[in-house]
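Colleague: here's a sequence, model it:
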Amino acid sequence: MHLEDPMDKIKKLKHDITRFMLIYKFALDEMETKIEILKQEFQALHDYSPIEHTKSRLKSPESIMNKMLRKNSELSLDAVKNHIKDIAGLRITCSFISDIYDVSNMLQRQSDLKVLEIKDYIKNPKPNGYQSLHLLVQVPVFMSDCEELVCVEVQIRTIAMDFWASLEHKIFYKYNQSVPESLTRELKNAADSANALDLQMERLHREIKEIKDARGEEDSIEELRKIMINNQQITVPANFLKLLGE
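Modeller: Predicted coordinates:
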């Protein structure tokens with residue numbers, strides 16, 4: 001009876017774990033590329049982008065293992081894939097609440113993405129005041145030998161929501177998740193204040209846009225001839241604009 005060489009077994013395990021983590025990394029790369037395309041498209045065509053910035057996160061193997069132990073699940077890569085859906089996480093920060101739903105709708109319209117779950121913590125905030133829109137999407141990743149369908153958790157929130165969530169996390173970490181009740185109340189009040197600020201800025205943004213639209217200022221021909229691509233200005237010949245308009 002042939003016994004498997006322990007070193008060969010370790011090498012295979014290392015190979016499998018590396019491949020497993022790479023697949024989630026590639027899924028994040030795919031999502032970040034999608035977001036960057038949307039960001040550049042809106043900046044170039046509308047002189048405004050609903051996306052402020054993004055941040056991605058990949059759970060470490062140690063963090064994954066600890067989560068599986070807490071779930072009392074078997075420690076296998078198949079079990080991890082089936083039970084942990086937030087190994088790959090992407091956070092998108094927007095300026096306004098309306099931008100959150102615009103970005104969400106844009107992602108949901110992409111034919112290669114499958115939306116598995118939507119959790120709207122904006123319309124239904126958590127008891128502690130947390131607000132964000134969570135999408136669980138399935139991303140196709142094409143490896144050299146197969147196609148893998150990978151789950152990525154996407155969180156979309158405003159700058160104010162992100163600021164609150166970041167500080168709330170730091171406070172809970174400092175107190176080892178045992179925050180005094182007085183601080184819990186203050187955190188909830190701070191979340192309400194952040195939401196009020198979001199609503200106020202949304203209103204101001206809408207009113208300024210309405211004023212600008214009402215003025216109906218026509219851009220000069222010189223301005224219409226200027227196109228920005230990849231931060232480089234390109235000037236379109238005036239007669240070319242006339243030809244396209246015919």
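
Colleague: which ones are touching residue 117?
Modeller: Shown in contact with residue 117 (CB atoms under 8 Å, 6 or more residues apart in numbering): 134-136. Every residue, glycine included, has its C-beta placed from N, CA and C.

Colleague: can you tell me how far residue 89 sits from residue 173?
Modeller: Noted for residue 89: a distance of 17 Å to residue 173, by CB to CB, to the nearest Å.

Colleague: C-terminal to the helix or strand harbouring residue 156, what's the next element?
Modeller: Assessed by DSSP states H and E, residue 156 sits inside strand 147-158. Using DSSP H and E, the next helix or strand after strand 147-158 towards the C-terminus is helix 159-174.

Colleague: tell me the helices and strands packed up against the host helix or strand of residue 32.
Modeller: Of the helices and strands defined by DSSP H and E, residue 32 is found in helix 6-46. Counting contacts by 3 or more CB pairs under 8 Å, 6 or more residues apart in numbering; DSSP states H and E, helix 6-46 packs against strand 51-58, helix 77-83, strand 88-94, helix 97-108, strand 133-142, strand 147-158, strand 226-229.

Colleague: that older thread, neighbour count: residue 89 and residue 173, which is higher?
Modeller: For residue 89 versus residue 173, the count of surrounding residues by other CB atoms under 10 Å is larger for residue 89: 19 against 9.

Colleague: any idea what the more buried one is bridged to?
Modeller: residue 57, residue 153 (DSSP bridges).

Colleague: I'd say it and residue 155 touch.
Modeller: Yes: using CB atoms under 8 Å, residue 89 is in contact with residue 155, at 7.0 Å.

Colleague: so which bits of stretch 60-74 are buried?
Modeller: 64, 67-68 (16 or more other CB atoms under 10 Å).

Colleague: among those residues, which are located in helices?
Modeller: 64, 67-68 (DSSP state H).

Colleague: which one of these is nearest to residue 143?
Modeller: residue 64 (19.9 Å; CB to CB).

Colleague: hmm, the closest one is touching residue 87, no?
Modeller: Yes: in terms of CB under 8 Å, residue 64 counts as a neighbour of residue 87; the distance is 6.4 Å.

Colleague: find residues that contact each of the two.
Modeller: Common neighbours of residue 64 and residue 87, counting by CB under 8 Å, 6+ apart, are residue 80.
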